[in-house]
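Undergrad: With the input below, show me the fold.
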Amino acid sequence: MCESLSLKHLCTYCQKTFLNPKLYKRHLEDGTLIYSFYKYSEIKDLLHTKHTDIGFHIYKILAQNSFKKFMQEFYPGEKYVSIAIDDNVTSGYSHTAILNKELKSHYIKPLYSILRAKNCLSYSGKSKKFRLSNPRNFHIKPFKEKEIILVDDIVTTGSTLLEAVRSLKPYGKEVIFCLTLCDVSNQ
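TA: Sure thing, here's the model as predicted:
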């Protein structure tokens, strides 16, 4: 960000200065709580690296500065699993799986390859009308745990998270809350 010489993809100074997360809250239409850590405008350029070679490293830094810090302060007293939205491997890695991995703790067990979209259209820059008329049609791989934390990188309209919550309910699963890096509505 500062373009100074550094052995890290983002120097320590820039991480402390520009990637200091705040906790934002929002609710889906059904009342499910979403926690986000950044305003979209603050990390937009970093998010756009997700389909590049450097994206793996950038997402890992973002996850460590937000999700990992959140987990260090999160003491629910109960154990949950976390599931990433559509953690398909593209560009050599899955950006949502990177976020999910940082939640691993005594209380949270990340699960992988559980919630996959059958519809692989890109929602980037699309309207809510487009998103609603082209649902993800999630396929859910069976798992035993009942209480879930959903993980995604960006929440825009909330339609993807809401569809995921609704897709899990018939299986007796309860989404406790959702975690995203950023919320586009927090501008």
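Undergrad: Leaving out chain neighbours, which residue sits closest to the spatially most central residue of the chain?
TA: Nearest to the geometric centre of the chain sits Asp152, at 2.1 Å (CA atoms, centre = their mean). Using CB to CB, 6 or more residues apart in numbering and skipping the chain neighbours, the partner closest in space to Asp152 is Ile85 (4.3 Å). Where you see a C-beta, it was placed from the backbone N, CA and C, and this is true even at glycine.
Undergrad: same deal with Arg166?
TA: Closest to Arg166 by CB to CB, 6+ apart is Asp30, at 7.5 Å.
Undergrad: which stretches of this structure form strands?
TA: 24-27, 33-39, 80-85, 108-117, 138-140, 147-155, 174-183 (DSSP state E).
Undergrad: Give the residue spans of the chain that score low on pLDDT.
TA: 1-8, 11, 13-17, 90-91, 121, 123-126, 186-187 (pLDDT under 70).
Undergrad: follow-up on the earlier one: what's opposite the residue nearest to Asp152 in the beta bridge?
TA: Bridge pairing for Ile85 (DSSP bridges) gives the partners Leu115.
Undergrad: correct me, but it touches Ala164?
TA: Yes: contact criterion CB atoms under 8 Å: Ile85 and Ala164 qualify, at 5.8 Å.
Undergrad: What lies in contact with stretch 157-167?
TA: Stretch 157-167 is contacted by residues 26, 28-30, 32, 34, 85, 115, 123, 128, 131-132, 135-136, 138, 140, 150, 152, 155, 175, 178, 180 when judged by CB atoms under 8 Å, 6 or more residues apart in numbering.
Undergrad: PyMOL command to pick out the buried ones of those?
TA: To isolate the buried ones among the contacts of stretch 157-167 in PyMOL, judged by 16 or more other CB atoms under 10 Å, type:
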select buried, resi 26+28+32+34+85+115+123+131+135+136+138+150+152+155+175+178+180
